[in-house]
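Asker: sequence? don't have it. structure:
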């Protein structure tokens, strides 16, 4: 499959309509239909379920959409990296980031680096650790800022300075808001919003101990603090989360007791060939951290 064909497929997948997709691509509808049919014939699968007014991706189509986007992103990244000579420190540095307060110190390092190399552009992708690691493996991301617990044996890493303390986010009119700290027994019979990530969820389950069976889990979420705050504010439940700057006057944070705290690590693949900009930035990080 050619890149041109993959790009056409992605437009069709986005528009869910051959006519609109053809107009976007400035080609005729029959020509675009032939391209899609050729991909299906080459792969031996159906990529779309066709109805009178729209086309919907099949399971195989959703997989191709994901891989096609990764291929296009990686191609664009490679072209961008090779457009500069080996002595020129310029271009894009892509970093996958979990939601963590360690973005503060990392941001300061980015600022200092750009003062010396103003032609460098940072591209940040926010997601949970598993998603960030997958994109690093495919070459789309250069580095990842990951929140522990996380498996990092395949990576070089630098430990970030701040610890992330677990808290409960709740409304100020909640009876629990009167407490200075929250214990597992305090959460018995409470409506709880937990993190989706399995390793972190397991850690919280261990902290709850025997009380875990007595809490009422009403929702899970991976990201973000803002969405979790809205769920709490609107009365869906109370949420476990890492300590963060709460800007909502209706909500408050209370730390857990016994305390749970996680570290963060900045990682990159071992034996990876990086662009001059990424290599210089890693050197900058090593000197600072």
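Answerer: It's in. In this text the structure is predicted, and so the values were computed from the model without any measurement.
Asker: for the strand or helix carrying residue 123, which positions count as buried?
Answerer: Assessed by DSSP states H and E, residue 123 sits inside strand 120-126. Buried residues in strand 120-126, counting neighbours by 16 or more other Cβ atoms under 10 Å, are found at 120, 122. To be clear about C-beta, it is placed using only N, CA and C from the backbone, and glycine gets the same treatment.
Asker: Could you name the helices and strands sitting against it?
Answerer: Applying 3 or more Cβ pairs under 8 Å, 6 or more residues apart in numbering; DSSP states H and E, one finds that strand 120-126 contacts strand 91-97, helix 103-116.
Asker: Contacts for that strand, please.
Answerer: 89-99, 110, 113-114, 132, 135, 141, 223-224, 277, 281 (Cβ atoms under 8 Å, 6 or more residues apart in numbering).
Asker: related to what we said a few turns ago, mind putting the helices and strands packed on strand 120-126 into TSV with distance to residue 53?
Answerer: Below are those laid out as TSV (distance: least, Cβ to Cβ, whole Å):
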stretch	distance to residue 53
strand 91-97	38
helix 103-116	44
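Asker: and of those, who's closest to residue 156?
Answerer: Checking these against residue 156 by Cβ to Cβ gives strand 91-97 as the closest, at 14.5 Å.
Asker: before we move on, the earlier item: selecting buried members of the contacts of strand 120-126 in PyMOL, what would you type?
Answerer: Applying 16+ other Cβ under 10 Å to those leaves a buried subset, and the PyMOL line that selects it is:
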select buried, resi 89+90+91+92+93+94+95+96+97+98+99+110+113+132+135+141+223+277+281
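Asker: can you tell me the average pLDDT over the strand holding residue 123?
Answerer: For strand 120-126, mean pLDDT rounds to 95.
Asker: Show me how far the helix or strand following that strand is from its chain's centre.
Answerer: Following strand 120-126 in sequence order, the next helix or strand is helix 129-137 (DSSP H and E). Relative to its parent chain, helix 129-137 has a centroid offset of 8 Å by Cα atoms, centre = their mean, to the nearest Å.
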